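Undergrad: Here is a sequence with its predicted model. Questions after.
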Amino acid sequence: MLKRINYFIISIIIFEVLSFIVGSGTHFEHYKYGIMLTIISINYVVLKRQSKLRPAKQYQNLNKRS
């Protein structure tokens, strides 16, 4: 789910950059970009920690079974 949120935010940022290049201007205020980038970075940290915890949890489950 967090990856989908990241993809959605990145797609919004890409759309805004493309509209700025074309000359339409941007539709968001700058603080909204900051919020979206903060969400992406927090999601990245959470996903990175989850991937590190999966092998440890699997190892603990194996110990409980035996």
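TA: Yes, it's here.
Undergrad: drop to CA atoms for contacts and neighbour counts, all remaining ones
TA: Will do.
Undergrad: Give me the buried positions along the host helix or strand of residue 11.
TA: In this assignment (DSSP states H and E), residue 11 forms part of helix 2-22. Residues 6, 9, 13, 16 are the ones in helix 2-22 that count as buried (16 or more other Cα atoms under 10 Å).
Undergrad: Next one: the first one from residue 17, what distance?
TA: Distance of residue 6 to residue 17, given as Cα to Cα, to the nearest Å: 16 Å.
Undergrad: One more: residue 35?
TA: Computed as Cα to Cα, the residue 35 to residue 17 distance reads 16 Å.
Undergrad: remind me which residues of the protein are low pLDDT?
TA: Along the chain, segments meeting pLDDT under 70 span 25-28, 53, 56-66.
Undergrad: neighbours around residue 40, how many?
TA: Using other Cα atoms under 10 Å, residue 40 is surrounded by 19 other residues.
Undergrad: show me what contacts the nearest residue to it once chain neighbours are set aside?
TA: Spatial nearest neighbour of residue 40, chain neighbours left out: residue 6 (5.6 Å); criterion: Cα to Cα, 6 or more residues apart in numbering. Applying Cα atoms under 8 Å, 6 or more residues apart in numbering, we find residue 6 in contact with 39-40, 43.
Undergrad: thinking again about what came up before, now, among the buried residues of helix 2-22, which is nearest to residue 49?
TA: Nearest to residue 49 among the buried residues of helix 2-22 is residue 6, at 16.1 Å by Cα to Cα.
Undergrad: Residue 22 versus the closest one, what's the distance?
TA: According to Cα to Cα, residue 6 and residue 22 sit 24 Å apart.
Undergrad: Ok, residue 31 next?
TA: Shown here: residue 31 relative to residue 22, a distance of 22 Å by Cα to Cα.
Undergrad: again, but for residue 46
TA: Counting by Cα to Cα - residue 46 and residue 22 are separated by 35 Å.
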